[in-house]
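Trainee: what's the 3D shape of this:
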Amino acid sequence: MTRSALILLALGAGGAVAAVAAEPPQLGKSPARQVVAAMTLEEKVSIAVGGGRRRPPGVPGAAGTTTAIPRLGIPSIVLADGPAGLRIAPRREGEARTFYCTAFPIETLLASSWDTELVERVGRAMGDEAREYGVDVLLGPALNTHRNPLGGRNFEYYSEDPLVSGRMAAAMVKGVQAEGVGTSVKHFVANDHEWNRQVIDVRVSQRALREIYLRGFEIVVREGRPWTVMSSYNKVNGTYTSESPALLTGVLRDDWGFGGLVMTDWGGGRDAVAQMNAGNDLLMPGNPQQREALLAALASGALKEDVLDRNLARILEVITRAPAFRKPEHSDAPDLQSHARVAREAAAGGMVLLRNEGALPLASAARVALFGVAGYATITGGTGSGDVNKAYAVSLLQGLKDAGLAVDVALADAYTGYLAEQERDRPAPARPFAPPPLAPERTVAADEIGRTAGDADLAVVTIGRRSGEFVDRRREDDFELSLVEKALLHDVAEAFHAQKKKVVVVLNVGGVVETASWRELPEAILLAWQPGQEAGHAMADVLTGRVPPSGKLATTFPIRWEDVPSSANFPGKVLEGPDPNAPPRGPFPPAARAAEVSYDDGVFVGYRHYATRGVKVAYPFGYGLSYTSFRYTDLKLSSRRFSGTLTASVTITNAGRTPGREVAQLYLSAPAKAVPKPALELRGFAKTRLLRPGESQTLTFTLAPRDLAWFDEQASAWRADAGTYTVKVGASSEDIRQSGTFTQARDQQVETVHGAVR
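Mentor: All right, here's what the predicted structure looks like:
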């Protein structure tokens, strides 16, 4: 070979090496840091800011996407709403068929089941639908606090108690993520009502924040390990949550060890640079102004590139776990029939029997007079992002018929005709996500009620409520019954009782309603909540005894709204003048003025308040009847002195004549030395299997040091006081069946955490 040929060969080899070196790293094949390093600043910013409000490719109706960078092997991932089921559009351009998802029961009903295994199965069904429809992250579960009955999205949240909320949310996360789909637990934190939610400043003590409002999120982060967390719209103590280093870095990452990504709620916060610096990794849905702000901040030094790189690494970690990255085939045809069966089982498992004076279960051949528009247009769930495009909804009318019961035909025809008239005159929704108003309750003439009382064996009166995003509930005609509803219930009870026949009320509601003024009129009250698309079947299952009622309240029913400790300042007050830092106006109605609410009730939320202050309630936290009865015996504590851990066991026996399941609740009363403490606090719960008459099951609970502790603001630490603690095991917060005591020998600082969220 000549010298010239050798030179040409060498040059060619060098060119090949240069070509190989120029090949950019690929996500999944190269370390994430190399992929980030290969990005231009514009590409980095495009990943940190979502793909905008454009329609996600292939999944119409999904909430948003991230931005793809094909040259680095980075796909776009799809995020979709999902607290009560996957929310996507039912129709697609160029497709003749309709795409449906399962409408599962609302989260408040799921919490009322006190059954984490059941909730995990619901999560698996949701995750399966998300995966089969090409969705990568489900925007849920939501676990804000039932601080006040009028919260517009309480249906989308689990409970007034953080232990119930945290454990239920953790079960949901485990179920969804077992199907290879991510979750985004929300809204972190203190987004507990809808009024002025985009600017409201929640003023809350460090102790209340840690013990009540953060505690549920801590449980789901530690036990469920969600892929993502969604920061809320509101401020906490003067700072938007999405711009709070104390919350997103100090609490979430440093204290709890969260390793996933944080995303904003859609359009949340005001300062993109502050959000990046705080550890809010992904801005959703994203807009050009945010991109420009981040690029300018990188140029000026207000945003360090290594901070952006840190956030990008978290986003890429989620992308590599997403179905879109693995590129599996999705069918667009999940098994909706099997998921409907799960929805029906879950719905029945969370219904709560509030009253029963021999009216239930219904006889198999009973003739029923069904009153109330909700019996014919049964409400399956709430509105807004918690709504689901479902294939069908089973009304209570249909459920009773399918169960073999005879429903008064003339009465049913009158209601269905009335609803058809209301449908014709119904106005269009006023804004996105806003549903048309419910049909007003029908006025029923006395002679019509009298006729049905003569023909039917009993009456079922339904009371329906719906609420949702953007607007909180009202006291009049919502928390309280309307005049028409009161008259209907009174007239039906009078007519049927005159015939010595019974009346059953079914509450088809998303949140707490007033019951004390009318609950003596019917012989039975079934709290059916909003049970999803299989509503009517599940209601009939419980009413007939096909499924024995086993739900218990995860939120207290007060006698009056004024008895609620937060009623004094709910939902807050508008401050003088417009808020100069309000987020820009989008397609939804944010507040135009600054607003503030003070959480003056502190840690005394829900049953903690009622039990400690001696306030009577209509139905206490943890309450729920069965068609059988249960006996609690043989409480055993593993030790009379606490030393790192302690177990308590109790035996539950079915003492009645029919099968049933019982939810046993363990409460702890702690010595109040340095600070006031609630009279009791839930520290464990468990649900028995289906017990036959005479059958028993022993349930075991474990107490850890944190279960004894309260949050010491000055020390920024969890502290367990020395003294005597009382273990109380019972059927509700007011129905304690067994108790025992143990001692803590000395004051103990259980865990030190990062500084205050100010």
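
Trainee: so after the least confident helix or strand in the chain by mean pLDDT, what's the next helix or strand?
Mentor: None of the helices or strands of the chain scores lower by mean pLDDT, DSSP states H and E than helix 3-22, at a mean of 45. Toward the C-terminus, helix 3-22 is succeeded by helix 32-37 as the next helix or strand (DSSP states H and E).

Trainee: tell me how far that next one lies from the chain's centre.
Mentor: Between the centre of helix 32-37 and the centre of its chain there are 36 Å (Cα atoms, centre = their mean, to the nearest Å).

Trainee: try stretch 650-670
Mentor: For stretch 650-670, the separation from the chain centroid amounts to 26 Å (computed by Cα atoms, centre = their mean).

Trainee: which parts of it are buried?
Mentor: 650-654, 656, 659-670 (16 or more other Cβ atoms under 10 Å). In this view, the C-beta of every residue, glycine as well, is placed from N, C-alpha and C.

Trainee: now do the same end-to-end measure for stretch 660-677.
Mentor: Stretch 660-677 has its terminal residues 35 Å apart, counting by Cα to Cα, to the nearest Å.

Trainee: let me see the mean pLDDT of it.
Mentor: Mean pLDDT, stretch 660-677: 96.

Trainee: just the CA atoms of stretch 245-265, as PDB, please.
Mentor: Taking Å, rounded to 0.1, in the frame of the first residue of the first chain, the C-alpha atoms of stretch 245-265 are listed here in PDB:
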ATOM      1  CA  PRO A 245     -38.600  25.400  49.000                       C
ATOM      2  CA  ALA A 246     -39.700  24.600  52.500                       C
ATOM      3  CA  LEU A 247     -42.500  22.400  51.300                       C
ATOM      4  CA  LEU A 248     -41.100  20.900  48.100                       C
ATOM      5  CA  THR A 249     -37.500  20.400  49.200                       C
ATOM      6  CA  GLY A 250     -37.500  20.600  53.000                       C
ATOM      7  CA  VAL A 251     -40.600  18.500  53.800                       C
ATOM      8  CA  LEU A 252     -41.200  16.400  50.700                       C
ATOM      9  CA  ARG A 253     -37.700  15.500  49.700                       C
ATOM     10  CA  ASP A 254     -35.500  16.000  52.800                       C
ATOM     11  CA  ASP A 255     -37.900  14.900  55.500                       C
ATOM     12  CA  TRP A 256     -39.800  12.200  53.600                       C
ATOM     13  CA  GLY A 257     -37.300  11.000  51.100                       C
ATOM     14  CA  PHE A 258     -39.400  11.600  48.000                       C
ATOM     15  CA  GLY A 259     -37.400  10.900  44.900                       C
ATOM     16  CA  GLY A 260     -40.000  11.500  42.200                       C
ATOM     17  CA  LEU A 261     -41.000  14.600  40.300                       C
ATOM     18  CA  VAL A 262     -43.200  17.500  41.400                       C
ATOM     19  CA  MET A 263     -45.500  19.100  38.800                       C
ATOM     20  CA  THR A 264     -47.800  22.100  39.200                       C
ATOM     21  CA  ASP A 265     -51.500  22.000  39.100                       C
END
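
Trainee: what residues sit buried inside it?
Mentor: By 16+ other Cβ under 10 Å, the buried positions in stretch 245-265 come out as 245-253, 255-256, 258, 260-265.

Trainee: same thing with stretch 636-644?
Mentor: 637, 642.

Trainee: show residues contacting that stretch.
Mentor: With Cβ atoms under 8 Å, 6 or more residues apart in numbering as the test, stretch 636-644 has contacts from 646-650, 703, 705, 708, 725, 727, 740-745.

Trainee: report the rounded mean pLDDT for it.
Mentor: pLDDT averaged over stretch 636-644 gives 96.

Trainee: so what's residue 387 scoring on pLDDT?
Mentor: On pLDDT, residue 387 comes in at 87.

Trainee: surely it and residue 468 touch.
Mentor: Yes - contact criterion Cβ atoms under 8 Å: residue 387 and residue 468 qualify, at 7.4 Å.

Trainee: mark which of the contacts of stretch 636-644 are part of helices, please.
Mentor: The helices, defined by DSSP state H, take in 705, 708 from those.

Trainee: from the contacts of stretch 636-644, which is closest to residue 324?
Mentor: Closest to residue 324 out of the contacts of stretch 636-644 is residue 705 (42.0 Å), distances taken as Cβ to Cβ.

Trainee: not counting its neighbours along the chain, what's nearest that closest one?
Mentor: Spatial nearest neighbour of residue 705, chain neighbours left out: residue 750 (4.5 Å); criterion: Cβ to Cβ, 6 or more residues apart in numbering.

Trainee: how distant is the strand or helix carrying that neighbour from the center of its chain?
Mentor: Taking DSSP H and E as the definition, residue 750 sits inside strand 748-752. Here strand 748-752 is found 30 Å from its chain centre; the criterion is Cα atoms, centre = their mean.

Trainee: that strand - which strands sit beside it in the sheet, and in what orientation?
Mentor: Here strand 748-752 has these sheet partners by DSSP bridges: strand 717-720 (antiparallel).

Trainee: how about the partner strand, which residues are buried there?
Mentor: Applying a neighbour-count criterion of 16+ other Cβ under 10 Å, one finds 718, 719, 720 buried in strand 717-720.

Trainee: the residues you listed into a markdown table, with extra columns for distance to residue 127 and pLDDT?
Mentor: Formatted as a markdown table, these follow (distance: Cβ to Cβ, whole Å; pLDDT from 0 to 100):
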| residue | distance to residue 127 | pLDDT |
| --- | --- | --- |
| 718 | 33 | 97 |
| 719 | 39 | 97 |
| 720 | 38 | 97 |
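
Trainee: which among these gets closest to residue 754?
Mentor: Set against residue 754, the nearest of the buried residues of strand 717-720 by Cβ to Cβ is residue 718 (12.4 Å).

Trainee: so who does the closest one touch?
Mentor: When contacts are counted by Cβ under 8 Å, 6+ apart, residue 718 touches 210, 705, 706, 709, 710, 711, 712, 749, 750, 751, 752, 753.

Trainee: then residue 503?
Mentor: By Cβ under 8 Å, 6+ apart, the contact set of residue 503 is 359, 458-461, 489, 492-493, 496-497, 521-524.

Trainee: ok, 10 Å please
Mentor: Residue 503 sits next to 359, 369, 371, 453, 458-461, 489, 492-497, 521-525 when contact means Cβ atoms under 10 Å, 6 or more residues apart in numbering.

Trainee: in strands only, show me the residues you listed.
Mentor: Members of these lying in strands (criterion: DSSP state E): 369, 371, 458, 459, 460, 461, 524, 525.

Trainee: closest to residue 621 among those residues?
Mentor: So of the ones in strands among the contacts of residue 503, ranked by how close each gets to residue 621 (Cβ to Cβ), first place is residue 525, at 17.1 Å.

Trainee: near that closest one, how many other residues are there?
Mentor: The tally of other residues near residue 525 (other Cβ atoms under 10 Å) stands at 27.

Trainee: show the model's pLDDT score for it.
Mentor: You'll see residue 525 listed with a pLDDT of 98.

Trainee: would you map the strands across the stretch 351-500 of the chain?
Mentor: 352-356, 367-371, 406-407, 458-464 (DSSP state E, counting those that start in this stretch).

Trainee: and the shortest one, which strands flank it?
Mentor: The reference is to strand 406-407. strand 367-371 (parallel).

Trainee: can you pull the contacts of the closest residue to residue 454 other than its chain neighbours?
Mentor: For residue 454, ignoring the flanking residues on the chain, the nearest one in space by Cβ to Cβ, 6+ apart is residue 499 at 6.7 Å. Each residue near residue 499 by Cβ under 10 Å, 6+ apart is listed here: 450, 452, 453, 454, 455, 456, 457, 458, 459.
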